[in-house]
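Engineer: mind looking at a prediction? Sequence and model below.
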Amino acid sequence: MPETEQDKITVYYDGACPKCVKDRADYERMSGKGGEDVCWFDITGTDEALHSLGIDPQKALTELHVKDKKSNILSELDAYILLMSKVNRLKPLAWVIGLPVIRPVLSRIYRWQVKQRLRAEGRL
């Protein structure tokens, strides 16, 4: 049976962010199969589409969002954990990120880094 978009997860990433584009390329390389089970959606200039999915465009800039195979939208670390769990090499890291001791600290660091990046780019 052919794979459809419903059999894939969708990653909503910032295509105007060089680091985000590099992270996507790194993910596709590490996945070993070109990330065939992932659809990539560049959020740049797509506020209406994001709103229709229930994603706040401003939050989409500051937090990674992923739609799972059941159409649930996950954000920030939950989104990273889902995405990383699809690559064997990244599964251990996904597990570590989810640990109750690590998660809150990493979440704060993640939010701080994103805000710094957006400020530097003049987009915050």
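Structural biologist: Sure thing, it's come through. Residues are numbered from 1 along each chain as shown.
Engineer: where does this structure dip in pLDDT?
Structural biologist: 1-6, 33-35 (pLDDT under 70).
Engineer: one more time with 80, if that's ok
Structural biologist: 1-7, 32-36, 124 (pLDDT under 80).
Engineer: how about the helices in it?
Structural biologist: For the chain, helices defined by DSSP state H occupy the ranges 18-31, 47-52, 57-62, 76-84, 91-97, 103-121.
Engineer: closest one to Ile9 among these?
Structural biologist: helix 76-84 (6.5 Å; C-beta to C-beta). Where you see a C-beta, it was placed from the backbone N, CA and C, and this is true even at glycine.
Engineer: now for Thr10: which residues touch it?
Structural biologist: Contacts for Thr10 (C-beta atoms under 8 Å, 6 or more residues apart in numbering) come out as 38-41, 66-67.
Engineer: which residue, neighbours along the chain excluded, lies closest to Asp56?
Structural biologist: Leu50 (7.3 Å; C-beta to C-beta, 6 or more residues apart in numbering).
Engineer: which residues are in contact with the one you found?
Structural biologist: Taking C-beta under 8 Å, 6+ apart, one finds 12, 43, 56-57, 60 in contact with Leu50.
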